[in-house]
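Trainee: here is a sequence together with a model predicted from it:
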Amino acid sequence: MQGLLKQFLLRWLVNFLGLWTAATLLTGISYQQHLRVLIWAALVFSLVNAVIRPLVVILSLPAIVLSLGLFTFIINTFMLYLVTFFYPKFHIASFGSALLAVIIISIVNFLLNDLLKDRHEKSF
């Protein structure tokens, strides 16, 4: 149980950093210039990814296979739009902004997960 909580908190932190990076680079993301809005948006995004995304991925598996996995970016974009639905203080102007944000968040997640994995493996 403690490992799952630690993993979720780490996922929340990584999502926050990804959202912050995307909001800094893109003009189509509005968080009212308050970091607490991004912190809460990252929490909602982490919860949406943990609860809703697995079901959506299973249901859209044929589209994911046919697109060679690129459809997951569309799924992630809709998950990010769900954050704006559940937490209106966080706003995304357009689908294009959301798609670019998802790409940026994915890159940040990949880099941080790779960095944390290397650090964890070196400790053993």
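Mentor: In hand now; what should we look at?
Trainee: when you work out contacts or count neighbours from here on, use the C-alpha atoms and nothing else.
Mentor: OK.
Trainee: measure Trp40 to Leu55 for me?
Mentor: With distances taken as C-alpha to C-alpha, to the nearest Å, Trp40 is found 23 Å from Leu55.
Trainee: who has more neighbours out of the two?
Mentor: Trp40 (17 against 12; other C-alpha atoms under 10 Å).
Trainee: in three-state terms, how would the residue nearest the centre of the chain be classified?
Mentor: Nearest to the mean C-alpha position of the chain, counting by C-alpha atoms, centre = their mean, stands Asn15 at 5.1 Å. Following DSSP: H, G, I helix; E, B strand; the rest coil, Asn15 is assigned to helix.
Trainee: that one - nearest residue in space that isn't next to it in sequence?
Mentor: Spatial nearest neighbour of Asn15, excluding adjacent residues (C-alpha to C-alpha, 6 or more residues apart in numbering): Ala42 at 5.5 Å.
Trainee: then Phe95?
Mentor: Leaving out its chain neighbours, the residue that sits closest to Phe95 by C-alpha to C-alpha, 6+ apart is Thr77, at 7.7 Å.
Trainee: which helix or strand contains that neighbour?
Mentor: Assigned by DSSP states H and E, Thr77 belongs to helix 71-86.
Trainee: that concludes my questions; thank you for your assistance.
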